[in-house]
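*Asks:* here you go, sequence then predicted model.
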Amino acid sequence: MISNRELFQRNLAHTTNLPLGLEIERAKGNYLYGPDGKKYLDLISGISVSNIGHLHPNVVAAIHAQLEKHMHLQVYGEYVVAPQVQLATKLLELLPKKFESVYLTNSGAEAIEGAMKLAKRATGRHEIISFKNAYHGSTHGALSIMGGEEFKQAFRPLLPAVRQLDFNEIEQLQHITKKTAAVFVEPVQGEAGYNPATPEFLTALRKRCTAVGALLVFDEIQTGIGRTGHWFAMQKYGVTPDVVALAKGLGGGMPIGAFCSPKSLMDTLKENPMLGHITTFGGHPVSCAAALATLQTIADENLMHGITEKEMLFRKLLKHPKIKAVTGTGLMLAAHVDSFETVERTMHRCLQQGVITDWFLFNQTALRISPPLPISEEEIEMACGVICDSLS
């Protein structure tokens with residue numbers, strides 16, 4: 001019989017020539033389990049997806065309950081689908097009052113695509129500004145505003161009228177003008193080695209966008225749903241954008257995304273042309289049920305409580321001659337070392353000892369640490385011990 005590993009190599013499209021190839025049979029809580037029963041502490045949450053841990057019983061129950069009612073019924077926005085309505089209502093309860101409308105998508109990249117179209121339609125402008133080392137997705141439009149040239153060069157020409165500025169450089173905000181439809185920014189750059197915006201930068205960015213009439217769009221695909229110790233990083237910074245894009249941790253392991261805005265903005269997608277933005281599977285009822293259960297679980301189990309203390313514990317224990325700095329905020333942290341060779345070697349050594357870490361697209365000299373929010377102090381101590389041991 002041909003093994004799954006052989007079929008993986010033969011039949012599945014790969015994203016690199018060197019896939020990790022770790023075979024996982026099941027997952028539960030903060031751990032993944034191989035076919036041989038070996039367990040791995042998941043320090044990356046499937047890249048900030050499994051915020052409440054894997055296979056949470058509340059999410060599983062919500063999925064089962066919805067499966068007994070219905071799955072796909074019609075393209076998004078035509079029928080009154082209870083899980084969609086309930087999820088949108090819950091999100092608006094958690095977001096600042098400025099937000100009044102939610103458009104549900106399948107993924108974070110699709111949320112970014114929708115937000116780009118919304119910005120152009122609502123403002124009548126065409127220029128989009130983003131920042132170097134930003135990651136907004138891999139679809140054609142999202143790729144156009146992504147901050148890594150090496151990932152873009154093979155696919156040009158991309159969208160015109162896109163300009164990139166240096167992140168956290170306030171003086172460059174003067175390039176945002178009355179020609180700018182929107183500025184897209186991650187409050188914490190997810191693929192740059194968890195590089196947080198300074199409060200002064202986001203405050204100045206908000207002020208500049210307001211002054212010239214450009215929309216400010218927060219990409220909270222990684223920072224949202226509790227990862228920074230707040231529901232959304234905008235609350236941590238005290239800066240409210242015009243549009244926010246969400247995904248990853250929202251679905252509790254199921255695929256879903258969303259972009260949210262004031263109703264006056266969102267309504268511009270309804271006409272001239274009608275169906276200005278449309279999706280077949282966006283807001284799938286099963287994913288919406290899972291997302292609603294995820295939000296309720298974070299609240300009921302108080303999973304954001306203690307995240308600052310967990311961050312401080314990671315920072316305290318990640319002490320090693322090869323660790324130059326630890327950046328990030330909450331439970332999205334990066335341990336910076338001297339080279340990609342050190343990162344790669346450490347990842348494999350950690351894996352041998354049952355701890356999963358990862359690297360970053362735009363910072364290949366840092367180890368990614370974004371575990372499920374319920375990670376315990378004992379698990380943090382174990383993980384940091386394994387990382388430091390693997391660096392030695």
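*Replies:* It's in.
*Asks:* okay, now E379: neighbour count?
*Replies:* 20 (other Cβ atoms under 10 Å). Yep, even glycine has a C-beta here, placed from its N, CA and C like the rest.
*Asks:* my error: substitute Q86 in the last question.
*Replies:* Q86: 14 neighbours (other Cβ under 10 Å).
*Asks:* got the contact list for it?
*Replies:* When the contact criterion is Cβ atoms under 8 Å, 6 or more residues apart in numbering, the partners of Q86 are 288, 292.
*Asks:* for this structure, what spans make up the helices?
*Replies:* 4-11, 45-48, 57-67, 82-94, 108-123, 140-145, 149-152, 199-212, 233-237, 263-266, 285-300, 307-317, 340-352, 377-391 (DSSP state H).
*Asks:* as TSV, these with mean pLDDT and distance to G193 would be great.
*Replies:* Shown next, in TSV, are the helices of the chain (pLDDT from 0 to 100; distance: least, Cβ to Cβ, whole Å):
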stretch	mean pLDDT	distance to G193
helix 4-11	86	29
helix 45-48	96	14
helix 57-67	98	30
helix 82-94	98	28
helix 108-123	98	19
helix 140-145	97	19
helix 149-152	90	16
helix 199-212	98	17
helix 233-237	98	16
helix 263-266	98	33
helix 285-300	98	26
helix 307-317	98	15
helix 340-352	97	11
helix 377-391	98	15
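*Asks:* F314 and M234, how far apart?
*Replies:* 23 Å (Cβ to Cβ, to the nearest Å).
*Asks:* which stretches of the stretch 101-250 of the chain have low pLDDT?
*Replies:* The model of the stretch 101-250 of the chain has no residue with pLDDT under 70.
*Asks:* strands of that one, start to end?
*Replies:* 101-105, 127-131, 162-165, 180-185, 188-189, 195-196, 215-219, 243-246 (DSSP state E, counting those that start in this stretch).
*Asks:* pipe those into CSV and attach mean neighbour count and distance to N58 per row.
*Replies:* Shown next, in CSV, are the strands of the stretch 101-250 of the chain (neighbours: other Cβ atoms under 10 Å; distance: least, Cβ to Cβ, whole Å):
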stretch, mean neighbour count, distance to N58
strand 101-105, 24, 20
strand 127-131, 25, 36
strand 162-165, 18, 41
strand 180-185, 25, 33
strand 188-189, 26, 27
strand 195-196, 23, 31
strand 215-219, 28, 27
strand 243-246, 29, 19
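*Asks:* what's near enough to touch the most centrally placed residue in the chain?
*Replies:* For the chain, Q222 is the residue whose C-alpha lies nearest the centre (Cα atoms, centre = their mean; 2.4 Å). Neighbour list for Q222: 47-48, 186, 188, 190, 248, 332, 370 [criterion: Cβ under 8 Å, 6+ apart].
*Asks:* which among the residues you listed count as buried?
*Replies:* Among the contacts of Q222, the ones that count as buried by 16 or more other Cβ atoms under 10 Å are 48, 186, 188, 190, 248, 332, 370.
*Asks:* farthest-separated two in the residues you listed?
*Replies:* E186 and S370 (13.8 Å; Cβ to Cβ).
*Asks:* number of nearby residues for A13?
*Replies:* 4.
*Asks:* how about the residue nearest to the centre of the chain, nearest residue that isn't a chain neighbour?
*Replies:* G190 (4.1 Å; Cβ to Cβ, 6 or more residues apart in numbering).
*Asks:* residue contacts, that neighbour?
*Replies:* Counted by Cβ under 8 Å, 6+ apart, G190 has contacts 48, 135, 221-223, 332.
*Asks:* now V59
*Replies:* By Cβ under 8 Å, 6+ apart, the residues touching V59 are 52, 252-254, 290, 293-294, 297.
*Asks:* which of those ranks first by neighbour count?
*Replies:* That'd be G252 among these, by other Cβ under 10 Å, with 30 neighbours.
*Asks:* angles on the backbone of it, please.
*Replies:* phi 60, psi 20 (degrees, to the nearest 10).
*Asks:* measure the nearest residue to it once chain neighbours are set aside to P96 for me?
*Replies:* The shortest distance from G252 to any non-neighbouring residue, by Cβ to Cβ, 6+ apart, is to T294 (3.5 Å). Using Cβ to Cβ, we find T294 at a distance of 20 Å from P96.
*Asks:* tell me how far the closest residue to T180 other than its chain neighbours lies from Y33.
*Replies:* Distances taken as Cβ to Cβ, 6+ apart put A214 closest to T180, at 4.0 Å, once the chain neighbours are dropped. A214 is 48 Å from Y33, where distance means Cβ to Cβ.
*Asks:* domain parsing of this structure, as residue ranges.
*Replies:* 22-51+303-391, 58-300 (automatic domain parsing).
*Asks:* tell me which of those domains lies nearest to T15.
*Replies:* domain 58-300 (9.5 Å).
*Asks:* run the chain-centre distance for that closest one.
*Replies:* On the basis of Cα atoms, centre = their mean, to the nearest Å, domain 58-300 sits 10 Å off its chain's mean C-alpha point.
*Asks:* quick one: contacts for V386?
*Replies:* 350, 353-355.
*Asks:* these: which two are farthest apart?
*Replies:* C350 and G354, at 8.1 Å, using Cβ to Cβ across the contacts of V386.
*Asks:* pick out whichever of these two has more residues nearby.
*Replies:* Under the criterion of other Cβ under 10 Å, the comparison of C350 against G354 puts C350 first, with 23 against 16.
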